[in-house]
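Student: Sequence first, predicted model second:
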Protein chains: 2
Amino acid sequence: MSESDDRPTGSAQGAVSRRGFLGGAGGLAASGLAVGGIAGAAGGFAAGYGTPAPAAASAAEVAHPFYGSGHQAGIRTEPQRYTVFMSYDLTTSVARDVEVLLARWSAAIAQLAKGLTVGSVEPHRPDAVGVDSGEALDLGPEGLTVTIGFGPGLFDERYGLAARRPRHLAELPAMPSDQLQPALTGGDLSLQACADDPQVAYHAIRTLTRMAKGTATTRWTVTGFGRASAGPTQQTPRNLMGFKDGTRNIVDDADYERWVWAGSDDQPWMTGGSYLVARKIHIATETWDTDRISDQNAVVGRTKVEGAPLTGSREHDVPDFEARDASGQPVIPATSHVALAAHENNGGVKILRRGYNYTEGIDALGQIDAGLLFLAYMRDPQQFITLQTKLGRVDRLNEYIAHIGSAVFAVPPAARQGSYIGAELFRS
Amino acid sequence: MSESDDRPTGSAQGAVSRRGFLGGAGGLAASGLAVGGIAGAAGGFAAGYGTPAPAAASAAEVAHPFYGSGHQAGIRTEPQRYTVFMSYDLTTSVARDVEVLLARWSAAIAQLAKGLTVGSVEPHRPDAVGVDSGEALDLGPEGLTVTIGFGPGLFDERYGLAARRPRHLAELPAMPSDQLQPALTGGDLSLQACADDPQVAYHAIRTLTRMAKGTATTRWTVTGFGRASAGPTQQTPRNLMGFKDGTRNIVDDADYERWVWAGSDDQPWMTGGSYLVARKIHIATETWDTDRISDQNAVVGRTKVEGAPLTGSREHDVPDFEARDASGQPVIPATSHVALAAHENNGGVKILRRGYNYTEGIDALGQIDAGLLFLAYMRDPQQFITLQTKLGRVDRLNEYIAHIGSAVFAVPPAARQGSYIGAELFRS
């Protein structure tokens, strides 16, 4: 299966850039946001009207193709440095409105992923409104991916799609230690925009949100950062507890097939798809910072600087959950995060984590307000429920973290050229 | 005068990195945050205990020296891609506590600017608390600068420093169109951390805020981004209105001397210093996005894509405020932002702008909450007052923006090696 998310295109392969784009040159400019028909939307936007720029061998020029026959980009794609995640409520009661939005979003994302604008920034007709807000002009594609998700609400009584509901899509149950804030939960649609420049990721979400007007409204959002500087030997990034986060993540094809991509038991239109669980996890950094290092290491089950399991000396040493110390206690405490989350202790269950740190200034008490946007992909949200039910009950981390936001989405497969995300859902 | 902010040090010049640092190796580790005396703080932290890493020719390794005999870094320094700005209230009534904090901050900033930790992340004694929270381990200096400012409150009746108040330091007066939110105004101290990686800037502010415990508490903060991708031919960045922002900024030495650096009429201890005006400016992006392009261009006085004045064709063409159109009206409207702010129309007055875009999710109405963190340096805040009084009264931009946060600070000169920011204030 061709995977749209595994093949970044550098400038040498002909990527084009907003840097080479003349603002008023597009004949489709003014009509871009006003397109009413599905075919018009998909065809019109997909046509593109950027002018290829001279090749510049730069990380800014990395472009991930949007169209493909496999999975959406932004899941297996090497995590970019920034994300803007946005959840939406559908405000229409007409399924066709949703379909049109998905067609227009798809065509627009395909443009944005190439580093192009979506319509004209500065139309020739002076009484026209610019279709693209312009703040990403001069910036390259920056590895942008935008991944679309479908919440449970898309399959409720409103749209006649209940019979095609993804087999494993349902609101997450209440779990131990949940401290959810209703305003930070749920959503009928989601967009996960990731890029190596925050202005590019923001521009994508702003542009796509404008296009949703009349069909969907924003519900909750988190802006995240946190990858270590990109490079050929990218290291495991650190979360705001100062620990490496993502050491034992899914890497192998076999694990992707078994734990990430929707299975043959799912709806046919979900083939190549996945499920996204999004959690906004607040970290009490000021409390954490006062904890002694031996306790921090015991809470996590790893050493802070190296990231080694307490039974090893290097980050990628395999944890030995059977090892005992002189007094007969497990060297890696049974209530440590690593022990509770490890696949060895959960019937083999794994999930693909794609976390980003967030900071949101200071709270009402003047304390730094920060945490982790936990994004995880899996073939069945039950994988997360299994893990989090256990973690929420006894994880020693719970003294320092709080799950305050939550949502679950089915993530359809990629769109083929000329089509759009979810087309098979509406047509099947 | 040697300028500490004009000479970035690449790895070739011997910069060291947290990547080469062994967490528990420092003998000063546990005592770092507990230092009580001024000399001990400055000397102890400044000594450093990082291990130089093998040179890696990377932008991540750019380091700006903290110590110098001229101006603080972060003013004339080429703007980095990210900032965290934090304002603090002093909670102590003892001048010496403030002096100790400034000594400890200075020593810590000198370490951070080299890409080193401030104290140990993982102390050898298991019952010790890590001095450094660790999330910037594995990251280089990333061009970090932290610039310290003194608010008017430092010179009130509490500390006996009234006679040494910087000559031009006073709370800003109310100005036309102000929509200030009290929680986003003022402050006795400020830190402006700028870096090419957001985690490095965040880590600096988190670390310095921890050190302030018992002496100062956080008051208001903004996290910003917005530089175009760094490169040898860096372009003028765009704000979230999609326009280039900063085209006619101060560049020449003569303008720095005349408009930025404190003058001979100021307190002797302010020689080499400056003044910072910080404004948090909300932008009604969703309203702006519906404005026709001819109006946007007229509001700004420039074209959106190119950034040229309406009387020119290229960004750096000099605006001609006398030019008239066929009907006798000024080509650049007199109420456009460019016309109102231009030095030609303000008795020559210039300020050094150092703006960053900010996004803060969505507001209570579900609209994208975003704007500009306007940071400007000048020899006298009256320069800003002159400009903003005029802009606030008639600037056509006021329909789309709102000044919601505000503060003013005197910015002392750089600290010499072995000393700290503000030493001359307390000793003179």
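Tutor: Everything's here; your move. Residues are numbered from 1 along each chain as shown, chains lettered A, B, ... in the order given.
Student: drop to CA atoms for contacts and neighbour counts, all remaining ones
Tutor: Fine.
Student: where does chain A have low pLDDT?
Tutor: Scanning chain A for pLDDT under 70 picks out A:1-57, A:227-234, A:428.
Student: do that again at 50, thanks
Tutor: A:1-7, A:9-16, A:20-57, A:228-232 (pLDDT under 50).
Student: For the residue sitting nearest the centre point of chain A, which three-state class applies?
Tutor: Residue closest to the mean C-alpha point of chain A, counted by C-alpha atoms, centre = their mean, is residue A:192 at 4.1 Å. Classification of residue A:192 using DSSP: H, G, I helix; E, B strand; the rest coil returns strand.
Student: Identify the bridge partners of the closest residue to it other than its chain neighbours.
Tutor: Of all residues not flanking residue A:192 in the chain, residue A:85 sits nearest, at 4.5 Å (C-alpha to C-alpha, 6 or more residues apart in numbering or on different chains). With beta bridges defined as DSSP bridges, residue A:85 has these partners: residue A:192, residue A:222.
Student: residues touching residue A:85, list them.
Tutor: By C-alpha atoms under 8 Å, 6 or more residues apart in numbering or on different chains, the contact set of residue A:85 is A:190, A:191, A:192, A:193, A:221, A:222, A:223.
Student: Of those, which is the most crowded?
Tutor: For these, neighbours were counted using other C-alpha atoms under 10 Å in any protein chain shown, and residue A:190 has the most, 29 neighbours in all.
Student: residues from the stretch 301-428 of chain A in reach of chain B?
Tutor: A:304, A:305, A:360, A:361, A:362, A:366, A:367, A:368 (C-alpha under 8 Å from any C-alpha of the partner chain).
Student: closest to residue A:381 among the residues you listed?
Tutor: Proximity of these to residue A:381 (C-alpha to C-alpha) peaks at residue A:360, which lies at 27.9 Å.
Student: OK, contacts around residue A:112?
Tutor: With the criterion set at C-alpha under 8 Å, 6+ apart, residue A:112 makes contact with A:118, A:141, A:144, A:204.
Student: got CSV for these, with distance to chain B too?
Tutor: What follows is the contacts of residue A:112, written out as CSV (distance: C-alpha to the nearest C-alpha, whole Å):
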residue, distance to chain B
A:118, 13
A:141, 11
A:144, 14
A:204, 12
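Student: what about the closest residue in space to residue A:126 that isn't next to it in sequence, neighbour count?
Tutor: Residue nearest to residue A:126 in three dimensions, not counting chain neighbours: residue B:294, with 4.7 Å by C-alpha to C-alpha, 6+ apart. Using other C-alpha under 10 Å, residue B:294 has 19 neighbouring residues.
Student: so is residue B:294 in a helix, a strand, or just coil?
Tutor: helix.
Student: Please report the distance of it from residue B:374.
Tutor: Distance of residue B:294 to residue B:374, given as C-alpha to C-alpha, to the nearest Å: 25 Å.
Student: quick check, residue A:72 in a strand?
Tutor: No: counting by three-state DSSP, residue A:72 is not part of a strand but coil.
Student: Would you map the strands across the stretch 151-300 of chain A?
Tutor: A:189-195, A:216-225, A:274-283 (DSSP state E, counting those that start in this stretch).
Student: Figure out how far the shortest one is from the centre of its chain.
Tutor: What it means is strand A:189-195. 5 Å (C-alpha atoms, centre = their mean, to the nearest Å).
Student: what helices or strands is that strand leaning on?
Tutor: Secondary-structure packing of strand A:189-195 (3 or more C-alpha pairs under 8 Å, 6 or more residues apart in numbering or on different chains; DSSP states H and E): strand A:82-90, strand A:145-150, helix A:198-211.
Student: Could you check the angle that strand makes with helix A:198-211?
Tutor: 160 degrees (axes from the mean of the first three to the mean of the last three C-alpha atoms, to 10 degrees).
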